[in-house]
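In: below are the sequence and a predicted model for it; my questions follow.
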Amino acid sequence: MLGNCIDKVRSTVPLVHNITNYVTVNDVANILLACGGSPIMSDEPEDVEDITAICGGLNINIGTLNQRSIEAMFRAGKKASGLGHVLLLDPVGAGASALRTDTAVKLMQELSFDAVRGNISEIRTLAVGSGTTRGVDADVADAVTEENLDGSIRFVKNFAKRAGCIAAVTGAIDLVSDGNICYVIRNGRPEMGKITGTGCQLSGMMAAFLVANPEEKLEAAAAAVCAMGLAGEIAWEHMQEGEGNATYRNRIIDAVYNMDGGILEKGARYEVR
Amino acid sequence: MLGNCIDKVRSTVPLVHNITNYVTVNDVANILLACGGSPIMSDEPEDVEDITAICGGLNINIGTLNQRSIEAMFRAGKKASGLGHVLLLDPVGAGASALRTDTAVKLMQELSFDAVRGNISEIRTLAVGSGTTRGVDADVADAVTEENLDGSIRFVKNFAKRAGCIAAVTGAIDLVSDGNICYVIRNGRPEMGKITGTGCQLSGMMAAFLVANPEEKLEAAAAAVCAMGLAGEIAWEHMQEGEGNATYRNRIIDAVYNMDGGILEKGARYEVR
Amino acid sequence: MLGNCIDKVRSTVPLVHNITNYVTVNDVANILLACGGSPIMSDEPEDVEDITAICGGLNINIGTLNQRSIEAMFRAGKKASGLGHVLLLDPVGAGASALRTDTAVKLMQELSFDAVRGNISEIRTLAVGSGTTRGVDADVADAVTEENLDGSIRFVKNFAKRAGCIAAVTGAIDLVSDGNICYVIRNGRPEMGKITGTGCQLSGMMAAFLVANPEEKLEAAAAAVCAMGLAGEIAWEHMQEGEGNATYRNRIIDAVYNMDGGILEKGARYEVR
């Protein structure tokens, strides 16, 4: 019953602390509000422990990391862990630079994340870097397709099991697994890739879903992925002539704003493997 | 004649220096342009004195403060004070962390603000922290309502008098006082709370209104509050099926863009107490 | 054949590294996606060399520069230069503060830019500061108009020749020169000045155009300028009652998203001098 997960967000209004990049931060804040959560942003090391203490979850996104925000990530993460809060990692650009890879791997080692969300390339980087992969896993393809689906599911399950958290690999086909079962999700549209930050937005929203649904975190993570993809589908139907990616961005957040459990339940397209 | 205040902004194009958070900064810049002002952003300590010198007002917003931007706030604030510029403080999150509370209180102590704009909780934090409250004032409620209106007005007047500046407390009912009289404003819509940064936007716009109306600052602050709320009302009328908070954000800025003194004068809903 | 230049961007998907201000960064990312490029942002000195190495171009925008990002600009710039990447400078606010002027001038001295894009005031500041001007050049007017067009063209050509790069001076009339010939471009609308960041967006897009068209960089720079102005014209035609600068911003990016070589070729309004 994935639909329940968003209703729970709306009824509990989870407060999510985001240490995130300055490129997409406004959209992350607005989609958190759209889904029924409440965002707060802070990345100063001297500020983050107090801020995270009043929240229910922490969303760490390394998109435009710097030495200051990296320190803030570890301090906030340890504080949030100690308080039993939800922790989510979005390893933006892991694999693209040594600093990003090292930071993401070290965050995985020192903190206990409830969920990690990224594209297949980022998650593979984490798998290799953190020793959570096995030989064959490193051969996982660059994109999840119907052709390599079985192997991709195996990889995501293995990663989740070894990392001890929910792994959400998003792309044309999305995979969300806790190590035992895997949601294979086919919501979304390719045009979403022409908007900056749909992944960042999903991570923020997923953190809210996890906070609001502590008893069924896997379902909550899958529900967030379905909600994002479904919002992309609904928004596309509202697109008018002459509109493009900037308006599409707004229409997606708008679609989340208007989504309830019934709409999500009906529109979610997934199988459990 | 609150309407005149926005006409003055359009005819004088006040340049406002903003040291503000990276979450809502783009919307702050666009609403400043929409109302007829001109924005410039800078938060590097070595840069802010030069930048603020060419402006007419300084808007300090502590939303995503860090050690560097805090230093910039004090340096820019002292420079702007020395030049007789308008100074406005938006104490975002005061009360939510020690760093935010301490920074806001210290800014109030060291700088002479023309106006402080925040929600009731932030202003109460400042009142307690800066010793501008008296015993009973700390009992002010968490939200300004018709039921506690008299007490809330008393609190805001007292705060303004003791702080020596205009106090603008915004929420379902907005209160703007210079310590002697208090505008009670009932413009706006509850859905504005589902957009990140309507408060930040108002603070930026209020700074422009103050710069453009040096002889009637209280009216200017009240006019900015009415303009923001009225824009929220006008924007809501333009909302179409399927639209939500992302589009609403744009429509509010659009409504400010299309607002003139006549529209503001006619749409402002307030009483003076 | 300016139209070809945007088709080349779409067919080659150039990856552009942006060290840019946090005010307009989201719009820069979305317009890069809209035109067919791919954006990545990073401003941490320890991160930028790796990031820029995987890109084809580097867009340096000093809009909200700080000590950290300045260091990143030089490190990324040297790395990108060594790799033969496209380098573009947007000297936002040069002339408005000593730090901005000094940083822009020093960047010009230490790095070999392919293009510099700014308004006439910023480019004049660079001309004076970097010794690329001659006596009479400093007299260039504050805005390029039909009346001072000849003198302005002479100034831009001289600047480009002495700086050894393409100079793009944008305003009501845009001038793009490599020192020998000068495109005089009359696309665009005055209302674009009421949106924050149309200049920043153009700089990001221009970097993508330069990367995708290495054999005809002057044409590529001119094509980017025409594309931005034309998008402003197309977007304006789509504006509906009650809409203003926030929606106009989105509609411009949307217009770029829907632009192909044929549309650009047909809509570009320029002469070569």
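Out: Nice, thanks for sending it over. Residues are numbered from 1 along each chain as shown, chains lettered A, B, ... in the order given.
In: quick one: buried residues of whichever strand or helix holds A:S81?
Out: Assessed by DSSP states H and E, A:S81 sits inside helix A:67-82. For helix A:67-82, burial by neighbour count (16 or more other Cβ atoms under 10 Å in any protein chain shown) applies to A:R68, A:S69, A:I70, A:A72, A:M73, A:F74, A:R75, A:A76, A:G77, A:K79, A:A80, A:S81. Where C-beta positions appear, they are placed from N, C-alpha and C, glycine not excepted.
In: now do stretch A:171-189
Out: A:171, A:173-179, A:182-185, A:187-189.
In: all the strands of the stretch 151-273 of chain A, in order from the start?
Out: For the stretch 151-273 of chain A, applying DSSP state E, counting those that start in this stretch gives strands covering A:166-169, A:174-177, A:182-185, A:270-272.
In: now those strands as a markdown table including distance to C:N61 and mean pLDDT?
Out: A markdown table is the format used below for the strands of the stretch 151-273 of chain A (distance: least, Cβ to Cβ, whole Å; pLDDT from 0 to 100):
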| stretch | distance to C:N61 | mean pLDDT |
| --- | --- | --- |
| strand A:166-169 | 33 | 98 |
| strand A:174-177 | 34 | 98 |
| strand A:182-185 | 37 | 98 |
| strand A:270-272 | 42 | 98 |
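In: now those strands as a markdown table including distance to chain B?
Out: Shown next, in a markdown table, are the strands of the stretch 151-273 of chain A (distance: least, Cβ to the nearest Cβ, whole Å):
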| stretch | distance to chain B |
| --- | --- |
| strand A:166-169 | 23 |
| strand A:174-177 | 22 |
| strand A:182-185 | 23 |
| strand A:270-272 | 24 |
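In: need the ones you listed in CSV (columns: distance to B:E146).
Out: Shown next, in CSV, are the strands of the stretch 151-273 of chain A (distance: least, Cβ to Cβ, whole Å):
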stretch, distance to B:E146
strand A:166-169, 46
strand A:174-177, 47
strand A:182-185, 47
strand A:270-272, 48
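In: neighbours around the residue of the stretch 51-200 of chain A found nearest chain C, how many?
Out: Taking Cβ to the nearest Cβ, chain C has its nearest neighbour within the stretch 51-200 of chain A at A:S97, 3.4 Å off. Residues contacting A:S97 under the criterion other Cβ atoms under 10 Å in any protein chain shown number 24.
In: any residue of the helix holding A:S81 touching chain C?
Out: Yes: applying Cβ under 8 Å from any Cβ of the partner chain, one finds helix A:67-82 in contact with chain C at A:Q67.
In: ok now do A:I195, which residues does it touch?
Out: A:I195 makes contact with A:N245, A:Y248, A:R249, A:I252, C:N30, C:L33 under the criterion Cβ atoms under 8 Å, 6 or more residues apart in numbering or on different chains.
In: now the buried members of the residues you listed.
Out: Buried members of the contacts of A:I195, scored by 16+ other Cβ under 10 Å, are A:N245, A:Y248, A:R249, A:I252, C:N30, C:L33.
In: which residues of chain A lie near chain B?
Out: Counting by Cβ under 8 Å from any Cβ, chain A sits next to chain B at A:22, A:25-27, A:29-30, A:33-34, A:39-44, A:46-47, A:50-51, A:54, A:68, A:234, A:238, A:249-258.
In: weed out the non-buried ones from those residues.
Out: Using 16+ other Cβ under 10 Å, the buried members of these are A:22, A:25-27, A:29-30, A:33-34, A:39-44, A:46-47, A:50-51, A:68, A:234, A:238, A:249-257.
In: out of those residues, list just those in helices.
Out: Counting by DSSP state H, the part of those found in helices is A:25-27, A:29-30, A:33-34, A:46-47, A:50-51, A:68, A:234, A:238, A:249-257.
In: quick one: end-to-end distance for stretch A:122-140.
Out: 12 Å (Cα to Cα, to the nearest Å).
In: lowest average confidence, helix or strand, in chain A?
Out: In chain A, no helix or strand scores lower on mean pLDDT, DSSP states H and E than helix A:120-129, which sits at a mean of 94.
In: which secondary structure elements does it sit against?
Out: helix A:98-110, strand A:115-118, helix A:149-163, strand A:166-169 (3 or more Cβ pairs under 8 Å, 6 or more residues apart in numbering or on different chains; DSSP states H and E).
In: if we go to 7 Å?
Out: Counting contacts by 3 or more Cβ pairs under 7 Å, 6 or more residues apart in numbering or on different chains; DSSP states H and E, helix A:120-129 packs against helix A:98-110, strand A:166-169.
In: angle of it against helix A:98-110?
Out: Per axes from the mean of the first three to the mean of the last three Cα atoms, to 10 degrees, the angle that helix A:120-129 makes with helix A:98-110 is 60 degrees.
In: buried residues in helix A:120-129?
Out: Buried, per 16+ other Cβ under 10 Å, within helix A:120-129: A:I120, A:S121, A:E122, A:I123, A:R124, A:T125, A:L126, A:A127, A:G129.
In: who's in contact with the fourth one?
Out: If I follow you right, that is A:I123. In this structure, A:I123 makes contact with A:V116, A:F159, A:A167, A:V169, judged by Cβ atoms under 7 Å, 6 or more residues apart in numbering or on different chains.
In: check chain A for the residue nearest chain C and tell me.
Out: A:G244 (2.7 Å).
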